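Engineer: The amino acid sequence is not available; the structure is as follows:
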C-alpha cells in the first residue's frame, strides 16, 4: 500500500488467510480499497514529503486544548470547555458571523414562540373569565 500497489492488497489477503474470492471479507476488502484508491496515494504523498499520518493534527489539537484549557488556575466543567472550544474554532475558521446570525435567528424564533404562547394563554384565560362571568350573571336572580 505504501509503495503504490493498492491493487495487490486483496490478492495478498486472500493468499494469507486462504479465503475464497467471493467471501464477505474479500468483497469488503475489494470494495474498500478499490473505491478509495484515489485517496490512498501514499507513495505519491511520500515522494512529495506530505505527511500521511494524523499525528501532527492530533498533536496540534492536543497542544491547543492544553494551552487554552489547562492553564494554571483554570478549572473547567466539561460542557463549558466544549462550548468554549467550539466557539473558538468558529472564530478561528472565519465562521463567527454565520454563528451569530444563526444564533440570533434561533433566539428570535424562540422568543416569538414564547410571546405567542404567553398571549394565547392570556386570551384563553380571558375567554374563560368572560364565560365564567356570563354564567355567574345568568345565575343571578332577576329583579
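Structural biologist: Alright, I've got the coordinates. Keep in mind that what you see is a predicted model, and the values were worked out from it rather than measured.

Engineer: Please count neighbours and contacts with C-alpha atoms only from this point.
Structural biologist: Will do.

Engineer: how near is residue 34 to residue 8?
Structural biologist: 10 Å (Cα to Cα, to the nearest Å).

Engineer: ok, these two, which is more surrounded?
Structural biologist: Neighbour totals were compared for residue 34 and residue 8, and residue 34 leads with 15 against 12 (other Cα atoms under 10 Å).

Engineer: Apart from its neighbours in sequence, what residue is nearest that one?
Structural biologist: Nearest-residue entry for residue 34: residue 7, 7.3 Å, with adjacent residues in sequence omitted and distances by Cα to Cα, 6 or more residues apart in numbering.

Engineer: give me the number of residues near that neighbour?
Structural biologist: Neighbours of residue 7 (other Cα under 10 Å): 13.

Engineer: go on, the one 10 residues further on?
Structural biologist: The number of residues packed near residue 17 is 8, by other Cα under 10 Å.

Engineer: Got phi/psi on it?
Structural biologist: phi -100, psi 0 (degrees, to the nearest 10).

Engineer: so how far is residue 98 from it?
Structural biologist: 52 Å.

Engineer: Tell me if I'm right that the residue nearest to residue 34 and residue 35 touch.
Structural biologist: No. At 11.0 Å, residue 7 does not count as touching residue 35 under the criterion of Cα atoms under 8 Å.

Engineer: Roughly how far does the spatially most central residue of the chain sit from residue 95?
Structural biologist: Note on the chain: the residue nearest the mean C-alpha position is residue 86, at 10.3 Å, using Cα atoms, centre = their mean. To residue 95, residue 86 is 11 Å away according to Cα to Cα.

Engineer: cool, residue 60 as well?
Structural biologist: 20 Å.
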